[in-house]
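S.K.: my questions concern the predicted model and sequence given below.
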Amino acid sequence: MPIKIPDSLPATAVLESENIFVMTEYRAMHQDIRPLNLLILNLMPTKIVTETQILRKLSNTPVQIQVELLRTASYQSQHTDEDHLESFYTTFQEVKSRNYDGLIITGAPVENLEFDQVDYWPELCEIMSWSRTHVHSTLHICWGAQAALYFHYGIAKHTLRQKLFGVYEHRVLKPSSPLFRGFDDVFYAPHSRYTEVLEEDIRNTPNLELIATSAEAGIYAVKTEDSRQFFIMGHPEYDPDTLAKEYWRDVNKGLDITVPAHYFPGDDPNRVPIVRWRSAGQLLYTNWLNYYVYQTTPYDLAHLQGP
């Protein structure tokens, strides 16, 4: 999938070096097709890393995507250069009158806070409420998924005894789901979180479907019956070294952190991790875009209907 992004975005050079099809703005303007309009609300502190990871996953089907990056206005990022934010990111006030085919809401390292203690919680609630009527399908990731389940359905998150940290085996509960078309019977995905959502709460909530779980990591994928909202508890977009960087960051801070499970060969953090989640992560993003956005979104977004 060619993705249309600004030529000077740092991710452009990285993706082109990986032979990923990145379309220039000039070429996109001269194609007689309507691109999918996709908005990414990036809540992660390392915004350039996260935007590159997600854009990499969005680039492997034959549909053109117009990607816009969204940041919160009520909280100022401490880890990303302001020039980058001003150049490539927009705010909700600038887009709230528009409609989108798809929206991705990322995770954020704020799990140990209650939702209403997060600085930008009121703004995030406004965006999530807006997504019901202005977005055809929304994909929520990790803390973003927990926040959305709480906001939309009142499902609480619960603190784990220790951080869930590593690469875990998962199984699909609904093999007929197009989201998992092409998946192996067992697939792997990274997790990095201190909180969880309980399976019984999902099963007891009308309109929600539990479609993939892990014996060790618990819930992985949940969707609404109308496929307008998806909630992914892991990080299928993570790079090979993301968990390693998180581990050594915490070690250097003197934090009590365990070695990521099922990640380093022999649990030796000095060895190079073996990636087992790349293909499943790519398929998840591609299937969401193809089956739940491209094939069902209205051609004229003015005809978008709320759930």
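M.R.: On my side now, so go ahead.
S.K.: pretty sure His136 sits against Leu38.
M.R.: No: contact criterion C-beta atoms under 8 Å: His136 and Leu38 do not qualify, at 10.2 Å. All C-beta atoms are positioned from the backbone trio N, CA, C, and that covers glycine.
S.K.: could you tell me which residues touch both of those two?
M.R.: Tyr100, Asp101, Gly102, Val293 (C-beta atoms under 8 Å, 6 or more residues apart in numbering).
S.K.: separation between Lys253 and Val49?
M.R.: With distances taken as C-beta to C-beta, to the nearest Å, Lys253 is found 18 Å from Val49.
S.K.: avg pLDDT for the helix or strand containing Arg249?
M.R.: Using DSSP states H and E, the element containing Arg249 is helix 242-252. What helix 242-252 shows for mean pLDDT is 96.
S.K.: just stretch 119-138 next, same as before
M.R.: 97.
S.K.: before we move on, what SS does Ile155 have?
M.R.: coil (DSSP: H, G, I helix; E, B strand; the rest coil).
S.K.: excluding covalently adjacent residues, which one is nearest to it?
M.R.: Leu149 (4.2 Å; C-beta to C-beta, 6 or more residues apart in numbering).
S.K.: quick one: that neighbour is in a strand?
M.R.: No: under the criterion used here (three-state DSSP), Leu149 is helix, not part of a strand.
S.K.: against Tyr263, how distant is it?
M.R.: Distance from Leu149 to Tyr263, by C-beta to C-beta: 27 Å.
S.K.: now do Ala302
M.R.: 46 Å.
S.K.: what does Gly281 give?
M.R.: 15 Å.
S.K.: check which residues of the helix or strand hosting Thr286 are buried.
M.R.: Thr286 belongs to helix 278-287 when assigned by DSSP H and E. Applying a neighbour-count criterion of 16 or more other C-beta atoms under 10 Å, one finds Arg278, Ala280, Gly281, Gln282, Leu283, Leu284, Tyr285, Thr286, Asn287 buried in helix 278-287.
S.K.: hmm, back to that, and Ala302 and Tyr263? Which one has more around it.
M.R.: Tyr263 (22 against 7; other C-beta atoms under 10 Å).
S.K.: where does the more buried one land in three-state SS?
M.R.: coil.
S.K.: next up, phi/psi of it, please.
M.R.: phi -130, psi -60 (degrees, to the nearest 10).
S.K.: so what's it up against?
M.R.: Tyr263 touches Gly166, Val167, Pro190, Leu243, Ala244, Pro273, counting by C-beta under 8 Å, 6+ apart.
S.K.: gap between Phe115 and Trp143?
M.R.: Distance from Phe115 to Trp143, by C-beta to C-beta: 10 Å.
S.K.: chain center to the longest helix seen in the chain: distance?
M.R.: What stands out as the longest helix in the chain, according to DSSP state H, is helix 121-134. The chain centroid and the centroid of helix 121-134 are separated by 16 Å under C-alpha atoms, centre = their mean, to the nearest Å.
S.K.: any idea which helix or strand comes after that helix?
M.R.: Trace forward from helix 121-134 with DSSP H and E and the next one is strand 135-141.
S.K.: show me what that next one is packed against.
M.R.: Helices and strands touching strand 135-141, as assessed by 3 or more C-beta pairs under 8 Å, 6 or more residues apart in numbering; DSSP states H and E, comprise strand 100-105, helix 143-153, strand 229-232.
S.K.: pick the most deeply packed of the ones you listed.
M.R.: For those, the largest average neighbour count (mean count of other C-beta atoms under 10 Å) is found in strand 229-232, namely a mean of 26.
S.K.: so what touches that strand?
M.R.: 137-142, 145-146, 148-149, 152, 179, 220-224, 284, 288, 292.
S.K.: list the residues that contact His170.
M.R.: By C-beta under 8 Å, 6+ apart, the neighbours of His170 are Val186, Phe187, Tyr188, Ala189, Ala212, Thr213, Ser214, Ala217, Tyr220.
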